[in-house]
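Undergrad: What follows is a predicted structure for the sequence shown.
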Amino acid sequence: MSDRLRYDGKTVLVIGAATGMGAAVAQGATALGAKVIALDVANVTFPVDQSIQIDLRNRDNVDSAIGQLTGSIDAVFACAGVADGTPGIMLINFTAQRYLIEQLIVRGTLGRGSAVSMISSVAGLGWMQNIAQVQDFLANTEWDTMAKWVADHDGTDAYSFSKQAINCYVAQSSFSMLQQGMRINAILPGPTDTPLARANADMWLGFGSDYRAAAGVDTLVPQQMADVMLFLCSDAASGVNGVSLLVDQGHVNAAITDAFEAPIVKMLAGLIPFEF
């Protein structure tokens, strides 16, 4: 079992590798024997095998980064993410990462036996209640048409919609990817102590603080998310596909079943109407 968790002889690509969960994934993959290629707009300050600077809001820049990738890639970890208020949030959080993954498949860089893991969020829990709109967006498969769809639909250039898109994309594309010998999954992190979360601490780290206090647990850390993502792309998870996995210390399911009272979670899951 332990050998099937390792990445010896494998090459992995980490999108958004400079800080937070992406950095934890990149460092964890290195420790497990992988050759690591890191993509980020910021400088990667720890050892990796190749580092490529990329602006996910710029298609030409993304194409340039893809052109610098040589050889096959065994796993892609799509970890880039920004908060509401960031220009081009939908491009960064979803569109460019989807484009990059699909370009690697088209080029044969990502092939049979490979796996993809993305970072979603509990903010995207309501994707099934909004599936018609999300699938209407996902029906656009080109960069320009995806960007135009977002521009034409108010409220979709937003953090929550980007995470709904990830959840639906993982579920929807898992079958076609499996037919090509590939797998795709995602994690839905609970509040995690990252630089991005600290920059939005009142909302992001305040969320679920009552649950953590009642349960007597600490705020999650990036390594806990990285461990799950690395498992999902390992040979040990070869039967896991199309799953968006909660990594939240049980907060969401406790709220859904009323084991812990958290109306906001039920609202995010689309089980009760939002109250303003």
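TA: Perfect, I can see it now.
Undergrad: Please determine how far the most centrally placed residue in the chain is located from Ile92.
TA: The chain has Ile119 as the residue nearest its centroid, 1.7 Å off, counting by Cα atoms, centre = their mean. From Ile119 across to Ile92, the span is 12 Å (Cβ to Cβ, to the nearest Å). Every residue, glycine included, has its C-beta placed from N, CA and C.
Undergrad: overlap in contacts of the two?
TA: With contacts defined as Cβ atoms under 8 Å, 6 or more residues apart in numbering, the residues shared by Ile119 and Ile92 are Gly81.
Undergrad: ok, the residue nearest to the centre of the chain - contacts?
TA: 21, 78-79, 81, 166, 186-187, 189, 225, 229.
Undergrad: Just give me the closest of those to Ser174.
TA: Here the nearest of the contacts of Ile119 to Ser174, counting by Cβ to Cβ, is Ala186; it sits at 10.2 Å.
Undergrad: Show me which parts of the lowest-mean-pLDDT helix or strand in the chain are buried, residue by residue.
TA: Least confident helix or strand, the chain: helix 201-204 with a mean of 86, by mean pLDDT, DSSP states H and E. Buried positions in helix 201-204, judged by neighbour count with 16 or more other Cβ atoms under 10 Å: Trp204.
Undergrad: Same check on stretch 87-106?
TA: Going by neighbour count (16+ other Cβ under 10 Å), the buried part of stretch 87-106 is 88-101, 103-105.
Undergrad: Which residue ranges of the stretch 51-200 of the chain form strands?
TA: Listed in chain order, the strands of the stretch 51-200 of the chain (DSSP state E, counting those that start in this stretch) span 73-78, 110-119, 183-189.
Undergrad: who wins for proximity to Gly126 among those strands?
TA: strand 183-189 (11.8 Å).
Undergrad: Can you work out which other helices and strands pack against that closest one?
TA: In this structure, strand 183-189 makes packing contacts with strand 110-119, helix 159-179, helix 222-232, strand 244-247, judged by 3 or more Cβ pairs under 8 Å, 6 or more residues apart in numbering; DSSP states H and E.
Undergrad: Tell me the strands beside it, with direction?
TA: Applying DSSP bridges to the sheet, strand 183-189 is found paired with strand 110-119 (parallel), strand 244-247 (parallel).
Undergrad: distance between stretch 192-200 and the chain's centre?
TA: On the basis of Cα atoms, centre = their mean, to the nearest Å, stretch 192-200 sits 16 Å off its chain's mean C-alpha point.
Undergrad: Endpoint to endpoint, that stretch covers what distance?
TA: 11 Å (Cα to Cα, to the nearest Å).
Undergrad: Export the helices and strands packed on strand 183-189 as a markdown table, with columns for mean pLDDT.
TA: Listed next are the helices and strands packed on strand 183-189 as a markdown table, based on pLDDT from 0 to 100:
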| stretch | mean pLDDT |
| --- | --- |
| strand 110-119 | 97 |
| helix 159-179 | 98 |
| helix 222-232 | 98 |
| strand 244-247 | 97 |
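Undergrad: Would you mind giving those as TSV with distance to Asp74 added?
TA: Formatted as TSV, the helices and strands packed on strand 183-189 follow (distance: least, Cβ to Cβ, whole Å):
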stretch	distance to Asp74
strand 110-119	5
helix 159-179	14
helix 222-232	12
strand 244-247	20
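Undergrad: related to what we said a few turns ago, which among the contacts of Ile119 gets closest to Ala115?
TA: Nearest to Ala115 among those, counting by Cβ to Cβ, is Met229 at 10.0 Å.
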